[in-house]
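Engineer: the amino acid sequence is not available; the structure is as follows:
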């Protein structure tokens, strides 16, 4: 791939985290270095990637606005994700794959 080129995201697997005001985590399934995060809740979601679910997400982690999608280069070593919401409850979807745009 040449410098500056874009490749459409090819999703290999999606997981759903039922998030709330306490940290919840899930193993990232599939392969690839990119993760498309969709915050389907009505609150800000805070996201943290890790090697396992032992590190909880906090309000100091990466914010994902409600209703927003964000494509993140998480790397191949990200094996899990933890999410906590600023308020309420809702789902956060994480689709792992390979690509630079969706």
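Structural biologist: Nice, thanks for sending it over. What you are looking at is a predicted structure, and each value in this text was computed from that prediction instead of being measured.
Engineer: quick one, helices of the protein?
Structural biologist: All residues of the chain lie outside helices when identified by DSSP state H.
Engineer: give me the phi and psi angles of residue 52.
Structural biologist: phi -150, psi -180 (degrees, to the nearest 10).
Engineer: with adjacent residues omitted, what lies nearest to it?
Structural biologist: Distances taken as CB to CB, 6 or more residues apart in numbering put residue 80 closest to residue 52, at 5.4 Å, once the chain neighbours are dropped. Using the backbone N, CA and C atoms, a C-beta is placed for each residue, glycine as well.
Engineer: before we move on, what about residue 35?
Structural biologist: Residue 35's closest residue in space is residue 74 (CB to CB, 6+ apart), at 4.5 Å.
Engineer: same check on residue 53?
Structural biologist: Leaving out its chain neighbours, the residue that sits closest to residue 53 by CB to CB, 6+ apart is residue 25, at 3.5 Å.
Engineer: pretty sure that neighbour sits against residue 84.
Structural biologist: No. Taking contacts as CB atoms under 8 Å, residue 25 lies outside contact range of residue 84: 9.8 Å.
Engineer: those two: who's more crowded?
Structural biologist: Each of residue 25 and residue 84 has its neighbours counted (other CB atoms under 10 Å); residue 84 has more, 24 against 20.
Engineer: just the pLDDT at that one, thanks.
Structural biologist: Note for residue 84: predicted pLDDT of 98.
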